[in-house]
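A.B. asks: Next input, structure requested:
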Amino acid sequence: MQFSLRYNLFSILHRKSPEKSWTIEKSESGIGCCGWILVILSYLMVIVTFPISIWMCIKIVQEYERAVIFRLGRIVSGKAKGPGIFFVLPCTDSFIKIDIRTISFDIPPQEILTKDSVTICVDGVVYYRVQSAVSSVANVTNADLSTRLLAQTTLRNVLGTKNLSEILSDREEIAHNMQATLDEATDNWGIKVERVEIKDVKLPIQMQRAMAAEAEAARDARAKVIAAEGEMNASRALKEASLVIAESPSALQLRYLQTLTAIASEKNSTIIFPLPMDVLQPFMPERK
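C.D. replies: Just a heads-up that it's a prediction; the model follows:
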């Protein structure tokens, strides 16, 4: 009983990831007796035809490339080769070049029904790179096509849970959520999603007209409120001015002169004769 508990604890502590266990299993299994015979024959053929075969055995990959070598259908040493020169056997080895530079692609426009039942058309752009060349070859058929299809479905799934206002205002948050979802899904493929951006959100023409009418009505309402506040402030200022003029009768005469000066500066033919109220006071009926 004590031995079994120790064995279970040891197995839990030394448990490895699926990719690492796959590599160890492949490297330890070997290519078998027939495989070694074929490899030895390939080496002998290279030695016999040395001056010519050397050009078929030496390959070169660029700084931004990696080569995954297969020997009799198995990955050699469980890792990619490069950059620079590497050696392959002409009869038993084959290799695949993988570009590890950052790749960008456009997400085709997707028609999405938002949470508040509005149909919109959204497109975006995704930037990714190959982080593990061996995983991108051994764990998925076509890493580039799979990433493109997954980006389309992820865009539809993420935006389908958002309202129209959230999509228009929280583009950065939506892009981060898409990047985290894509990065988690493509980790087993050896793909690292570096950046996701929402390019454009297209609304139906009817929705654009409705939003424009709503915005115009809101602006008109704010303009009326501002005009009403201005009139209220102006009336208060006029009230204070009338109180000042009532305390000093000569202030009214000065105001008459200022008005005449303003009218005369406009170069018109209007003639104004100010008539003080004191002159008309004897002719006005007395109030009972």
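A.B. asks: What count of nearby residues applies to residue 149?
C.D. replies: As a burial measure, residue 149 scores 11 neighbours (other C-beta atoms under 10 Å). Bear in mind the C-beta positions are built from the backbone N, C-alpha and C, glycine included.
A.B. asks: Other residues contacting the helix or strand where it lies?
C.D. replies: Following DSSP states H and E, one finds residue 149 within helix 143-159. Helix 143-159 is contacted by residues 103, 105, 107-108, 110, 112, 114, 120, 122, 124, 126, 128, 130, 136-137, 140, 167, 174, 177-178, 181-182, 185-186, 189-191, 193, 196 when judged by C-beta atoms under 8 Å, 6 or more residues apart in numbering.
A.B. asks: Please give the centre-to-centre distance between it and its chain.
C.D. replies: Between the centre of helix 143-159 and the centre of its chain there are 14 Å (C-alpha atoms, centre = their mean, to the nearest Å).
A.B. asks: how about the closest residue to residue 203 other than its chain neighbours, secondary structure?
C.D. replies: Sequence neighbours aside, residue 120 is the residue nearest to residue 203 in space, at 5.8 Å (criterion: C-beta to C-beta, 6 or more residues apart in numbering). Judged by DSSP: H, G, I helix; E, B strand; the rest coil, the three-state class of residue 120 is strand.
A.B. asks: Residue 120 contacts residue 109, correct?
C.D. replies: No: with contact defined as C-beta atoms under 8 Å, residue 120 does not count as touching residue 109 (9.9 Å).
A.B. asks: which stretches of the stretch 51-200 of the chain form strands?
C.D. replies: Remark: strands assigned in the stretch 51-200 of the chain by DSSP state E, counting those that start in this stretch are 58-61, 65-71, 74-75, 84-87, 93-99, 103-113, 119-130, 191-202.
A.B. asks: Can I have the buried ones of the contacts of helix 143-159 as a PyMOL selection?
C.D. replies: Buried subset of the contacts of helix 143-159, written as a PyMOL selection, criterion 16 or more other C-beta atoms under 10 Å:
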select buried, resi 103+107+110+112+114+120+122+124+126+128+130+136+137+140+167+174+177+178+181+182+185+186+189+190+191+193+196
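A.B. asks: Tell me where the model's unsure across the stretch 151-288 of the chain.
C.D. replies: Flagging of the stretch 151-288 of the chain using pLDDT under 70 yields the residue ranges 249, 252, 264-281, 283-288.
A.B. asks: Can I get the strands of the stretch 51-200 of the chain in CSV including distance to residue 246?
C.D. replies: Shown next, in CSV, are those (distance: least, C-beta to C-beta, whole Å):
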stretch, distance to residue 246
strand 58-61, 97
strand 65-71, 93
strand 74-75, 102
strand 84-87, 99
strand 93-99, 89
strand 103-113, 69
strand 119-130, 64
strand 191-202, 62
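A.B. asks: Relative to residue 51, which of those strands is closest?
C.D. replies: strand 58-61 (12.8 Å; C-beta to C-beta).
A.B. asks: roughly how far is the closest one from the heart of the chain?
C.D. replies: The answer for strand 58-61 is 38 Å, by C-alpha atoms, centre = their mean.
A.B. asks: Could you shift the numbering so residue one becomes 15, and keep it that way?
C.D. replies: Sure thing, new numbering starts at 15, so read that last one as strand 72-75.
A.B. asks: for that strand, packing partners?
C.D. replies: strand 98-101 (3 or more C-beta pairs under 8 Å, 6 or more residues apart in numbering; DSSP states H and E).
A.B. asks: Buried residues, the strand it packs on. List them.
C.D. replies: For strand 98-101, burial by neighbour count (16+ other C-beta under 10 Å) applies to residue 100.
A.B. asks: Quick check: which helices or strands does that strand pack against?
C.D. replies: Applying 3+ C-beta pairs under 8 Å, 6+ apart, one finds that strand 98-101 contacts strand 72-75.
A.B. asks: What residues of the strand it packs on count as buried?
C.D. replies: Quick answer for strand 72-75 (16+ other C-beta under 10 Å): 73, 75.
A.B. asks: re earlier: quick one: which of the strands of the stretch 65-214 of the chain is nearest residue 270?
C.D. replies: Across these, closest to residue 270 is strand 205-216 (C-beta to C-beta), at 62.3 Å.
A.B. asks: tell me which strands and helices the closest one is in contact with?
C.D. replies: strand 133-144, helix 157-173, helix 185-199.
A.B. asks: Strand partners (parallel or antiparallel) of that strand?
C.D. replies: Here strand 205-216 has these sheet partners by DSSP bridges: strand 133-144 (antiparallel).
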